[in-house]
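In: Mind folding the following:
(3 chains)
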Amino acid sequence: MDEPTTPQAVARISAEDVAKVAALARLRLGPGELDRFTHQLADILAHAEDIEALDLADVEPMAHPVRLRNVFRSDEPAPPLDRDTVLGQAPSAEDGMFCVPPVLGEAP
Amino acid sequence: MSSIDLDRWEVVIGLEVHAELATRTKLFSAATAEFGGEPNTHIDPLTLGLPGSLPVLNSHAVELAIRVGLALNCTVQRSVFARKNYFYPDQPKNYQISQYDLPINADGFLELPSGKIVGVERAHLEEDTGKSTHIGGGGRIHDAQYSLVDLNRAGVPLLEIVGRPDLRNAEDARAYVSELRAVLVAVGASDGKMEEGSLRVDCNVSVRERGAAEFGTRCEIKNINSLRSLGRAIDYEAARQVDLIDSGERVVQQTRHWNEDDGRTHTLRSKEGADDYRYFPDPDLIELDPDPEWVERIRAELPLLPAERRHRLAERVGGSTEAVALIVDRGLDVLCLAAIDAGADAGRVVTHAEHNLSDERARDLDPAAFASLVRMETDGALTATQAKTVLAELVERGGDPASIAAAKGFEAMDTSELEGIVDGLISAHPDEWQRFCDGDVKVTGFFVGQVMKATGGKADGKAVTALLNSRTA
Amino acid sequence: MSPARALPEASLGTAIDTAAAVRSGDRSAIDVIEERLARIAADEEQVHAFNLLSADAARDRARAIDEAVAAGDDPGPLAGVPVAIKDNLCTRGVATTCSSRILAGWEPPYDATVVTRLRQAGAVMIGKTNLDEFAMGSSTEHSATGPTRNPHDLARVPGGSSGGSAAAVAAGFAPIALGSDTGGSIRQPAALCGVVGVKPTYGLVSRLGLVAFGSSLDQVGPFATTVADAAVVCEVIGGHDPGDSTSLPQPFPSVVEHLDDGVDGLRVGLVTEMLGEGIADDVGARVRAAAEALAAAGATVEEVSVPAVTYGLSAYYLVAPAEASSNLARYDGVRYGVRVDAPTAGEMMEATRTAGFGDEVKRRIMLGTYALSAGYYDAFYGQALKVRTLIRADFDAAYERFDVLLSPTSPTTAFAFGDKTADPLQMYLNDVCTIPTNLAGHPAASVPFGIGEDGLPIGVQVMAPALGEIVMFRVAAVLEGAA
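Out: Numbers count the residues shown, from 1 in each chain, chains lettered A, B, ... in the order given. Below is the predicted model:
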């Protein structure tokens, strides 16, 4: 099951892909790291070629092992957590709120 | 910016409305969902996105979503919660639990008071975010020194109602939101308060030349917080897009921010191409597939909806579409129908409801008293003006219309007394009389006014006009 | 690195015996705790099983249990039993770090349901155990607090990710421990440390308060020195929890009651795909010996092919990272944990995550982000979910003919530090036999069954269909007796 790093495997994911994915995940990679991670991820994705090759057009996806449905909670409030305890765990707080550096740009 | 040539251009509008559902607790946890409160006091592990916290779905939020779905003629279906992944400081888990390819409500429509039908693509459940306050730089996001995050609102249930691009002008767009709000309030799903943010409207606008088969490139406008802003924003944005096209440029698909102060839409600092929400089924939640029996029970318990109430009233009174819509909007249709049932003239009932019953307390008016007032009027015991005065008193203090009329000294005026007054006025104002005889109808008002002055408002204007006309023969 | 040497056998008694003695008043809970704390004081420096010891709190709790017993109250089935808790289970007011820099010092304001249930049963938490950061790993080398060493050979890994819990039980620091198992993180370290480890059916044990890695795969379970102790812990921690939407609405099956039912007439399948290439000869030999032992005890044994399990590794390394990439998004320096400052919120989040996560976590976050991203979802994540269906279907077919399936837990005995850290894929291959049951949501246990050529423990894996815990424990008990 051991797949060596092949040129084809490297082609599974490019350094550019890895850089894009790192940015999406809010991770910064140094130049050396980018190469190393690209090779490692390519190896893992090369291993996954065995399932990529399967024709599963008629197979239902299984997102979850539990076949339950309609699990509910009643609309009853419970006591909140203590704000001071919670904010005491925060890296920075002010006026009862979490304090963060300036936010550039609106939420989507 | 010039207003656009509507003979040449067609504006296409689709609205996405986020309604906060009127639950006691959050969508997936037991923290209170009340509006406001001291910052970060409506919090629990899930609201904070603490490690190890898990969501459990609030059944009442589902019931409210189903109520709205049914009221919007949607199919209530099996649905799946998905995670929408993006980083933002007021999004505590850095993903939002929403519904993606399988929403709880799909494929419905909303009928506007004008009779226009607007498609509803879907109405799905999702979590609200927290709130960021930007400190320094005058509160403007781009100049702020730092931001403060309050998570009280995070996790409050939202229903996102996605309308189809069936609207063609700002007036219809406003009517759509207004009607949607009436439906949400009617079924008890939301308080519908735009100013508190419980109703938020995002607006997709595009323009195309009339007759074109394809839609133009659309822009999404955010930060619209009143019906008035909605209309202004649409008109501004449509004109902006037409100007762009007219000057040979292209409309770029983007999200724009409505600025109430300068009356313009502005482009947001865009992260073009960076948005990839990586939706996938939330593995902490299982599928939602409401029992058909539950759905039918909810359907049976739905109140009459505004459109149904309009149809019901229109069938009885045959008044104008606008009058009927206004009466239903004021919640006076039940009163009107009861008064008509009690024998009141439908036309007079509608006239009063449309013009004389704008007071909120009018909804509590006793239909029998209202009916007997209208009968006094149609029987000639009260003039229209007197009836209006008595009606105001009825709304204000209640009571019996006959007693109120008597107390005010409103008695039917003897015809001969009125004839005497009219004849006296004709003699006293020969010039005006001549103009009246020559067909100058504007002088009618003069004579009616004089009669009212002489009778202390007791005279019936219509009777005066009839008398004047009879004297010209 | 210390010279390789084995620590003394864990011989301080079982949880069941300890609880019986404490409940009857024959032994004080404080005495039990002091005995374990002494063992910890002697050997923990070499093993590093714990991220945090809660000795004082444990003593206070033990005294309270003794008082309860003296007052005639019954503190419960685990009265006075010391328990080690994996440091990815929330403990109120006690630091919970997941062996990550990013959560250094964070104290949860609430207990995980399993922690509450252990306490209600009279157990006494003595500390939080080391793990691969956020449970991502198979050796406990990927820990911000440094690796845990295998008590059987201090030059070797204890397995992972629950290496601290496995080592704590193997070293006699506690008779029982809790771990979590996403792709083998209880069973593989149990095998490498020579103790019993159980991953229950998905949904039988609450995940509330378990710091999520792969939510559709994660399940909490016990480590113990005996099968019977593991059974008792399962019954204590299992059963419905309304705070977890994926919790099954039923109690844990009555495994304790049926422990001694034997295997006469049971049908045991040896999984062909888990006995071939990649499995060390001595490990394979012990699995066949286990099968023979079961046959001798009255079971019928046959080989059975479960073809789709060969795709397990590929599917797992798309599904688990995909879920993890989203589950770990919340560590952003805003509300808790550490922060690395930067001029803007976005840069602060990036700096915090870059400094706060180790390489293995970053690797899986990026892999999962990629598997879910536009254009790749269908080929990777979507395809992996379909493979889960295949695996479950193949297991279901096998379970029509067999009551349980047998395989190695780990392809090899414990390996040396650094052997596999350079090549992530080699590390992942450790879990090739354990992963398929997580994908299917089925239960499985690892039971020690002799030693390998290197003198180190070998574990045999007993797999069962969903909710097949009773028969799984019966088989495990017979293997334990035959080992």
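
In: In chain A, where is pLDDT below threshold?
Out: Scanning chain A for pLDDT under 70 picks out the ranges A:1-11, A:106, A:108.

In: Show me the residue at the heart of it, geometrically.
Out: residue A:25 (6.3 Å; Cα atoms, centre = their mean).

In: And for the residue of the stretch 51-200 of chain C found nearest chain B, the neighbour number?
Out: Here the stretch 51-200 of chain C gets closest to chain B at one residue, residue C:90, 4.4 Å apart by Cβ to the nearest Cβ. Yep, even glycine has a C-beta here, placed from its N, CA and C like the rest. Neighbour count for residue C:90, taken as other Cβ atoms under 10 Å in any protein chain shown: 27.

In: Quick one: residues contacting it.
Out: By Cβ atoms under 8 Å, 6 or more residues apart in numbering or on different chains, residue C:90 lies in contact with B:50-52, C:96, C:108, C:110-112, C:115, C:209-211.

In: One more pass at 7 Å, please.
Out: Residues in contact with residue C:90, defined by Cβ atoms under 7 Å, 6 or more residues apart in numbering or on different chains, are B:51-52, C:96, C:108, C:110-112, C:209.

In: same question, residue C:340
Out: Counting by Cβ under 7 Å, 6+ apart, residue C:340 touches C:333, C:348, C:351-352, C:355.

In: Please repeat the previous calculation with a cut-off of 8 Å.
Out: Per Cβ under 8 Å, 6+ apart, neighbours of residue C:340: C:333, C:348, C:351-352, C:354-356.

In: what's the longest strand in chain A?
Out: Counting by DSSP state E, the longest strand found in chain A is strand A:97-100.

In: now for the helix or strand hosting residue C:397, which elements pack on it?
Out: Take DSSP states H and E as the rule and residue C:397 turns out to sit in helix C:383-401. If you count contacts as 3 or more Cβ pairs under 8 Å, 6 or more residues apart in numbering or on different chains; DSSP states H and E, helix C:383-401 packs onto helix A:49-52, strand C:267-271, helix C:312-327, strand C:404-408, helix C:435-440.

In: ok, residue 43 - how many residues close by?
Out: You didn't pick a chain, so chain A it is. 24.

In: not quite, I wanted chain C
Out: Counted with other Cβ under 10 Å, the neighbours of residue C:43 add up to 19.

In: So what does residue A:69 look like in phi/psi?
Out: Dihedral pair for residue A:69: phi -150, psi 160, per degrees, to the nearest 10.

In: ok, and the closest non-adjacent residue to the residue positioned nearest the centre of chain B?
Out: Closest residue to the average C-alpha location of chain B: residue B:178 at 2.1 Å, with Cα atoms, centre = their mean. Nearest residue to residue B:178, sequence neighbours excluded (Cβ to Cβ, 6 or more residues apart in numbering or on different chains): residue B:227, at 6.3 Å.

In: Please apply the same query to residue C:292.
Out: With sequence-adjacent residues excluded and distances taken as Cβ to Cβ, 6+ apart, residue C:292 is closest to residue C:301, at 7.5 Å.

In: in the longest strand of chain A, what's buried?
Out: A:97-100 (16 or more other Cβ atoms under 10 Å in any protein chain shown).

In: now the residues you listed as a markdown table including distance to residue C:139?
Out: Listed next are the buried residues of strand A:97-100 as a markdown table, based on distance: Cβ to Cβ, whole Å:
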| residue | distance to residue C:139 |
| --- | --- |
| A:97 | 42 |
| A:98 | 36 |
| A:99 | 39 |
| A:100 | 36 |
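
In: what subset of these is also close to chain C?
Out: Among those, the ones lying near chain C by Cβ under 8 Å from any Cβ of the partner chain are A:98, A:100.

In: Could you grab the helix/strand/coil label for the residue nearest to the centre of chain B?
Out: Secondary structure, DSSP: H, G, I helix; E, B strand; the rest coil: residue B:178 is helix.
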